[in-house]
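>>> quick check, what structure comes out for this input:
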Amino acid sequence: MKPEKKFEFSEVINAQTVKKIGHDIKKVWQDFDVKQLEKRVLTKLSSLAFKDRANLIADVLYELLPKDFELAGQILLDSFGEQLDAPDFTGQNAFMYMPHGVYVSRYGLDAQHFELSTQFLYEMTKRFSAEFAIRPFLNKFPLQMIGKLQTWVKDDNQHVRRLVSEGTRPRLPWAPRVTVYDDDYTVIMDLLAMLRNDPELYVRRSVANHLNDLTKDRKDLVLAHLEVWNKQPNPKIVWLTKHALRTLVKAGDAGALKILGFSNNPEVKVQRFALEKQQLKLGEQLVFSFDIESQSAYSQRLVVDYIIHFKKANGSQAPKVFKLKVLELEGHQSIQLKKKQLFQQLSTRVLYEGRHQVELQINGKSFGIQEFELVF
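Reported below is the predicted structural model:
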């Protein structure tokens, strides 16, 4: 049983969005036919998903604007509204720029338009992220784009600085991978190093996400840089390191655990690991508890996670790691932990009846597993 859909993300690009785009263009170019934009888009909009809506609007803009990108691109650039003050892309007026990003990446991707197109990206990212639109330019003009990024990394605007990291993320969700710098990732790492102490958490979070992506392909490169950065740690670097290594920590990687001050071989014993109920109904909570007993005379830093092995539609199980607690366990100390987790249908995960498992993990090592049944 899947949950009812309460909100369609595609609706952030709607009829009002189309009308605003048209009227904003009309303000700077009187020849623009707003009615034609609305006629050609609104009859098809409701049947399309989010990306398809942006693509449709971009296509119609191409039909209605001058075919010369130097003219059309400047018209769109002049139609841009106010810059964002906060690091949040919320509301209709932010997502209305998604079609603009599609437009520039399709019709401005030519050497003769490079300066106007990159200025377009520069201004667009102050209003809505250009992290998708920039990627074709990185792939086609890798050296020229590095020059732009080296300037943007020092920009006063946090959105521009974030684009340097977010736009080059190797595994950005819903975006094609950027592989053009794979043979020499040093140029990207140098840019990330310049952002590691950025005053804005918004920017540093992007750097951490970029590095976390990178651990899946270039683990040793990430660990080497983070080890150097942590020789002179500060709260910003400590936070960034923790978030950059989250995937490796969940996997129990020895190098990541060492950088964060955790042993990959904790001297502990888990006792009395038990579930309150072995059978759950949909909508009930899984409740489990356990004791951790130190087997060492010295203090130990522990990262305690639990893994739910969810039953899939085909009967197999899919593990999902959840954070539980990070703690300092003194020598020969014992501590009891208890956790509750609600089992209900979510838009991001469909639950199925049958056997599930919960597993304890401390510093990446398994310390026991219990089974339970989920019934509807």
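>>> from Phe32, how far off is the residue sitting furthest away from the middle of the chain?
For the chain, the residue at maximal distance from the C-alpha centroid (Cα atoms, centre = their mean) is Ala297, at 40.9 Å. As for Ala297, its distance to Phe32 is 77 Å (criterion: Cβ to Cβ, to the nearest Å). Yep, even glycine has a C-beta here, placed from its N, CA and C like the rest.
>>> mind listing the helices for the stretch 201-350 of the chain?
Along the stretch 201-350 of the chain, counting by DSSP state H, counting those that start in this stretch, helices occupy 201-214, 219-229, 235-244, 246-250, 254-259.
>>> what's the average pLDDT for the fourth one?
Read that as helix 246-250. In this model, helix 246-250 has an average pLDDT of 91.
>>> now it - C-alpha only, PDB.
Coordinates of each C-alpha in helix 246-250 appear next as PDB, following Å, rounded to 0.1, in the frame of the first residue of the first chain:
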ATOM      1  CA  ARG A 246      29.700   9.900   6.300                       C
ATOM      2  CA  THR A 247      29.500   7.200   3.600                       C
ATOM      3  CA  LEU A 248      32.900   5.800   4.500                       C
ATOM      4  CA  VAL A 249      32.100   5.800   8.200                       C
ATOM      5  CA  LYS A 250      28.900   3.900   7.600                       C
END
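>>> beta partners of Glu293?
With DSSP bridges as the criterion, Glu293 is bridged to Lys269, Ser334.
>>> and it, what does it touch?
Val268, Lys269, Val270, Gln271, Gln333, Ser334 (Cβ atoms under 8 Å, 6 or more residues apart in numbering).
>>> residues in contact with the residue farthest from the centre of the chain?
Ala297 makes contacts with Gly331, His332, as judged by Cβ under 8 Å, 6+ apart.
>>> tell me how far it lies from Gln333.
As defined by Cβ to Cβ, Ala297 lies at a distance of 11 Å from Gln333.
>>> and if you look at Phe343?
Distance from Phe343 to Gln333, by Cβ to Cβ: 32 Å.
>>> which one of the two has more residues nearby?
Shown here are Phe343 and Gln333; by other Cβ atoms under 10 Å, Phe343 has more neighbours (18 against 15).
>>> returning to what we had before: weed out the non-buried ones from the contacts of Glu293.
Neighbour counting with 16 or more other Cβ atoms under 10 Å marks Val268, Val270 as buried within those.
>>> sheet partners, orientation included, of the host helix or strand of Arg355?
Element membership for Arg355 (DSSP states H and E) is strand 354-362. Sheet partners assigned to strand 354-362 using DSSP bridges are listed as strand 300-311 (antiparallel), strand 365-375 (antiparallel).
>>> what comes up buried for the first one?
For strand 300-311, burial by neighbour count (16+ other Cβ under 10 Å) applies to Gln300, Leu302, Val303, Val304, Asp305, Tyr306, Ile307, Ile308, His309, Phe310, Lys311.
>>> mind putting those residues into CSV with distance to Gln278 and pLDDT?
Formatted as CSV, the buried residues of strand 300-311 follow (distance: Cβ to Cβ, whole Å; pLDDT from 0 to 100):
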residue, distance to Gln278, pLDDT
Gln300, 32, 95
Leu302, 27, 95
Val303, 27, 93
Val304, 22, 95
Asp305, 22, 94
Tyr306, 16, 96
Ile307, 18, 96
Ile308, 15, 97
His309, 15, 97
Phe310, 17, 97
Lys311, 15, 96
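>>> what is the nearest of these to Gly101?
For the buried residues of strand 300-311, the residue nearest Gly101 by Cβ to Cβ is Phe310; the value is 35.4 Å.
>>> report the beta-bridge partners for the closest one.
Here Phe310 sits in beta bridges with Ala318, as judged by DSSP bridges.
>>> so it makes contact with Leu351?
Yes: between Phe310 and Leu351 there is a contact at 7.1 Å, judged by Cβ atoms under 8 Å.
>>> which residue is the nearest non-sequential neighbour of Ala111?
Nearest residue to Ala111 in three dimensions, chain neighbours excluded: Phe141, at 7.5 Å (Cβ to Cβ, 6 or more residues apart in numbering).
>>> swap in Glu276?
Val287 (4.1 Å).
>>> in the chain, where is pLDDT below threshold?
Within the chain, the stretches with pLDDT under 70 are 1-9, 88-93.
>>> per-domain residue ranges of it.
Annotated domains of the chain cover 1-133, 268-375 [automatic domain parsing].
>>> out of those, nearest to Arg204?
domain 1-133 (11.2 Å).
>>> distance from that closest one to the middle of the chain?
Taking Cα atoms, centre = their mean, to the nearest Å, one finds domain 1-133 lying 22 Å from the centre of the chain it belongs to.
>>> for the nearest residue to Pro233 once chain neighbours are set aside, which residues are in contact?
What sits nearest to Pro233 in space, not counting adjacent residues and going by Cβ to Cβ, 6+ apart, is Thr241, at 7.9 Å. Each residue near Thr241 by Cβ under 8 Å, 6+ apart is listed here: Leu226, Trp229, Asn230, Pro233, Ile259, Leu260.
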